[in-house]
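Chemist: Make a model of this:
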Amino acid sequence: MSSSELPPSEVLQHVVDVHCHPTDAPSILPESMEKLDITICAMSSKPSDQPLVYNLAKSHPRKVIPCFGYHPWFSHLVCLRGDVSKEDHYRDLFCTSSAEDLEDLEAFNTLLTSLPLPIPLDNLLVDLRRNLEEFPHAMLGEVGLDRAFRIPYDYNASPRKLSPFTVPIQHQITILQAQMDLAVELGRNISLHSVKAHQPTMELLANMETKHGVDRWNKISLDLHSCGFKPEMLKDIQRRYANTFLSLSTVINGRSPNHLSLLKVCDPLRILVESDYNDVDMCTEQTWGMIRTTADVKGWTIETEWNENESDSSKWGVVRRLEENWLRFKAGHHSAKKRKLDLMEELIIIGGRGREGALT
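Modeler: Reported below is the predicted structural model:
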């Protein structure tokens, strides 16, 4: 099989693209969904695309797993109080100094004219709950933290002209944690975005586990989508949290050789694949590209036909292995036993070092 050749439909039907944005496209042709062999997890990210994902999933329930949530790029559209004015909300977020000293006052006033009325967080959560409860297997996504993104004057413009403003990380955390609390309550898995926010993400995971308890936290799964962490950080996260999975995309992670290092160190039972594409016609090809990369790094064979009766897992190819990982992710209810053993081993090592230090 050449690098660009796709396997037969009998193999592709076992592939899951765990993160894509098909409703970001201007339209989705019926024939595109008809010929789609893989399963896609269609993400929401902003107010306008929640109903689009809803409708796509209703129209194609066997091919689309809907994901509802608010991306950090749009977290500024959410206010924490219902009685705040539009200008006060955005000024509190973006204007950290007095108006008399603010060099970016003109930029703020220009941006303000293009921004909508903010959505109260309580209203957002009501709508999010309704969507998640409508679909028993819906996920929370795409949500997360992002310290690199700047607010554009017009998100839909091409090219986008960026303002000097970013969303304060504490505001992002508040919006994210409220959504994740709901996901834990409803037992829904999460697709998490984290860019230039490694430490806040680590702190968030620790806080969520403490708040909800290990057992309840481990009932759901969390996918580190298009993860850009350093390999050692990924190892640390997976050692600490039995419910964390990794998914990579060629369009994002393929820009850096770091993704190969991440695949090398990742627990083979917690690898997923994604396209992160907004064109449903390209989701299969993009996901398959990452499947091939995963097989190459992990030394797994690539199926050219499907053998449902193969019970020896050592003989499974990459698609079968990834499908089993997806089923594990989907089911949740992860055991914290391995984590406890890892932490005990770490304490033994640290203790041993301490004794050696005392002897010298």
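
Chemist: Each with direction, which strands does the helix or strand Cys41 falls within pair with?
Modeler: Following DSSP states H and E, one finds Cys41 within strand 39-42. With DSSP bridges as the test, strand 39-42 is paired with strand 16-20 (parallel), strand 64-68 (parallel).

Chemist: Mind putting those strands into JSON lines with mean neighbour count and distance to Asn123?
Modeler: To be clear about C-beta, it is placed using only N, CA and C from the backbone, and glycine gets the same treatment. Formatted as JSON lines, the strands paired with strand 39-42 follow (neighbours: other C-beta atoms under 10 Å; distance: least, C-beta to C-beta, whole Å):
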{"stretch": "strand 16-20", "mean neighbour count": "28", "distance to Asn123": "26"}
{"stretch": "strand 64-68", "mean neighbour count": "27", "distance to Asn123": "14"}
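
Chemist: Serialize those to a markdown table and add fields for mean pLDDT and distance to Pro164.
Modeler: As requested, the strands paired with strand 39-42 are arranged in a markdown table below (pLDDT from 0 to 100; distance: least, C-beta to C-beta, whole Å):
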| stretch | mean pLDDT | distance to Pro164 |
| --- | --- | --- |
| strand 16-20 | 98 | 30 |
| strand 64-68 | 98 | 31 |
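
Chemist: Tell me which of those lies nearest to His193.
Modeler: Among those, the nearest to His193 by C-beta to C-beta is strand 16-20 (9.2 Å).

Chemist: Pull the distance from that closest one to the chain's centre.
Modeler: 10 Å (C-alpha atoms, centre = their mean, to the nearest Å).

Chemist: If you count contacts, what does the next helix or strand along the chain from it end up packed against?
Modeler: From strand 16-20 onward toward the C-terminus, using DSSP H and E, the following helix or strand is helix 30-34. In terms of contacts (3 or more C-beta pairs under 8 Å, 6 or more residues apart in numbering; DSSP states H and E), helix 30-34 is packed against helix 280-298.

Chemist: between the helix it packs on and strand 16-20, how big is the angle?
Modeler: Between the axes of helix 280-298 and strand 16-20, defined by axes from the mean of the first three to the mean of the last three C-alpha atoms, to 10 degrees, the angle is 120 degrees.

Chemist: quick one: what helix or strand has the closest residue to Arg129 other than its chain neighbours in it?
Modeler: Excluding the flanking residues, the one nearest Arg129 by C-beta to C-beta, 6 or more residues apart in numbering is Leu182, at 6.1 Å. Taking DSSP H and E as the criterion, Leu182 maps to helix 169-186.
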